[in-house]
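In: Below: sequence and its predicted model.
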Amino acid sequence: MDELIINGTEKIPSICFNSESGKLDIQGRSIPENSIVFYEPLKEWLDLYSANPKQLTEVHFKLEYFNTSSSKSILELLKILAKIYSSGNSVVINWYYEKDDDDMLEVAEDYESILKLPFNMIECEDLF
């Protein structure tokens with residue numbers, strides 16, 4: 001399975017999904033013109049990965065900001081990760097947020113409670 005790499009811009013996050021290492025990185029801002037179109041290849045890749053995941057899948061979300069439509073797409077990605085987790089594999093979600101960004105922390109806490117997927121909330125002085 002090939003890596004999925006997308007170079008970020010001011011509107012889309014950088015993506016690096018590596019099936020060999022089980023590491024998935026999403027970093028930047030997510031305000032694409034059409035989040036469904038942008039996130040569809042990520043969902044497809046993750047669906048394929050979920051058929052034969054590594055024993056440990058480690059996900060790093062370093063998002064400065066994302067809009068409402070991106071939030072729904074991110075939730076869809078997290079649902080796939082929750083299926084991997086519920087099938088007996090380890091999944092670690094590292095959610096980075098800037099110090100005093102209570103909104104980004106609250107979003108992660110909401111995702112965690114909805115999905116019953118363990119999150120590590122990591123406060124940073126400056127994400128970028």
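Out: Perfect, I can see it now.
In: for this protein, which strand is longest?
Out: The residue-count maximum for a strand in the chain (DSSP state E) belongs to strand 56-66.
In: Tell me the gap between whichever helix or strand comes after that one and the middle of its chain.
Out: As assigned by DSSP states H and E, the chain's next helix or strand after strand 56-66 is helix 68-86. Put simply, helix 68-86 sits 8 Å off its chain's centre (CA atoms, centre = their mean, to the nearest Å).
In: Next, the buried residues of helix 68-86.
Out: 69-71, 73-74, 77-78, 80-85 (16 or more other CB atoms under 10 Å). C-beta: built from backbone N, CA, C; applies to glycine.
In: For it, give me every contacting residue.
Out: Outside helix 68-86, the residues within contact range by CB atoms under 8 Å, 6 or more residues apart in numbering are 26, 30-32, 34-36, 38-39, 42-43, 46-47, 49-50, 53, 57, 59, 61, 66, 91, 93, 107, 111, 114-118.
In: Show me which of the residues you listed are buried.
Out: With burial judged by 16+ other CB under 10 Å, the buried subset of the contacts of helix 68-86 is 26, 30-32, 35, 38-39, 42, 46, 49, 53, 57, 59, 61, 66, 91, 93, 107, 111, 115, 117.
In: So for Val107, what's the nearest residue that isn't a sequence neighbour?
Out: Distance criterion CB to CB, 6 or more residues apart in numbering; nearest residue to Val107, sequence neighbours excluded, is Ser71 at 7.0 Å.
In: And for Pro32?
Out: Per CB to CB, 6+ apart, closest to Pro32 is Phe38, 4.0 Å.
In: ranges for the helices of the chain?
Out: Remark: helices assigned in the chain by DSSP state H are 35-50, 68-86, 102-115.
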